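*Asks:* Give me coordinates for this.
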Amino acid sequence: MEQKGIISVSIVEDDNRIRAMLTDLFESEKGFLIDQVHSSGEGAIEFPYVDFPDVFIMDINLPGIDGITCVAQLRERARASQFLMYTVNDDDQRVFEALKNGANGYILKSSTPEQIIDAVKELTLGGAPMSAHVARRVVSQFRSAPTENANIDGLSDREQEVLTLLSQGLLYKEIADRMGIAVGTIKQHIHRIYSKMHVQNRTEAVNKYFGR
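*Replies:* Coordinates of the predicted model:
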């Protein structure tokens, strides 16, 4: 896991060329550590992890066990990890399904190396890289679900406001700017939200808040 500013990354990609490109990118970039590299979803699921990486970069269209199923299965164990889907098309229904099943965001395979690096950094800072139209679909899906089972009794109005902005994929700094308070205060709110809701990350908190 992330230590002393180093972000550990695991790559799950069946295309040899793309897998090598991603591996070279993160090996050459300061502040990152390649944790594991897998050529299949089966390999990622069956790997005997001691510690899970900070970020999984997951091809969505893997043969055999696909990226969506892989995320859903790994999410149960890698509760603190972030999952970044790696896809050809951001208008694909499969992207939406991946986000519903525990992915934290996605990046297009046409993205530049700088955009890939930025997306991984954004995830570790509490962001959720995705296009606006997909984000709207995700939030709409959450809000259409019943909320009577959501554990929000202990949340203050301010904490519920923070959680709503989290659900829109905003970064901590963007939430702070929107609310007119310091980033450190936002982090304190989020820490209390996670503690009160008995969750460990943004995805779990948003899912629980909107009753999924």
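
*Asks:* Look up how far F47 lies from S111.
*Replies:* When C-beta to C-beta, to the nearest Å is the yardstick, S111 and F47 sit 26 Å from each other. Where C-beta positions appear, they are placed from N, C-alpha and C, glycine not excepted.

*Asks:* element containing A72?
*Replies:* A72 is part of helix 67-75, with elements assigned from DSSP states H and E.

*Asks:* any idea of the mean pLDDT for that helix?
*Replies:* For helix 67-75, the mean per-residue pLDDT is 93.

*Asks:* low-scoring stretches of the chain, by residue?
*Replies:* Counting by pLDDT under 70, the low-confidence segments of the chain come to 1-4, 91-92, 132-133, 135-153, 210-212.

*Asks:* Show me what the top helix by length along it is packed up against.
*Replies:* Residue-count comparison of every helix in the chain, with assignments taken from DSSP state H, identifies helix 183-197 as the longest. The elements that helix 183-197 packs onto, with contact taken as 3 or more C-beta pairs under 8 Å, 6 or more residues apart in numbering; DSSP states H and E, are helix 157-167, helix 172-179, helix 202-209.

*Asks:* got the CA positions of the second one in CSV?
*Replies:* Meaning helix 172-179. Included here for helix 172-179 are C-alpha records, laid out as CSV according to Å, rounded to 0.1, in the frame of the first residue of the first chain:
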residue,chain,number,x,y,z
TYR,A,172,-11.2,17.1,-2.1
LYS,A,173,-9.9,20.5,-3.3
GLU,A,174,-12.9,21.0,-5.6
ILE,A,175,-15.3,20.2,-2.7
ALA,A,176,-13.4,22.6,-0.4
ASP,A,177,-13.7,25.3,-3.1
ARG,A,178,-17.4,24.6,-3.6
MET,A,179,-18.1,24.8,0.2
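
*Asks:* what's the angle between that helix and helix 157-167?
*Replies:* For helix 172-179 against helix 157-167, the angle between stretch directions is 130 degrees (axes from the mean of the first three to the mean of the last three C-alpha atoms, to 10 degrees).
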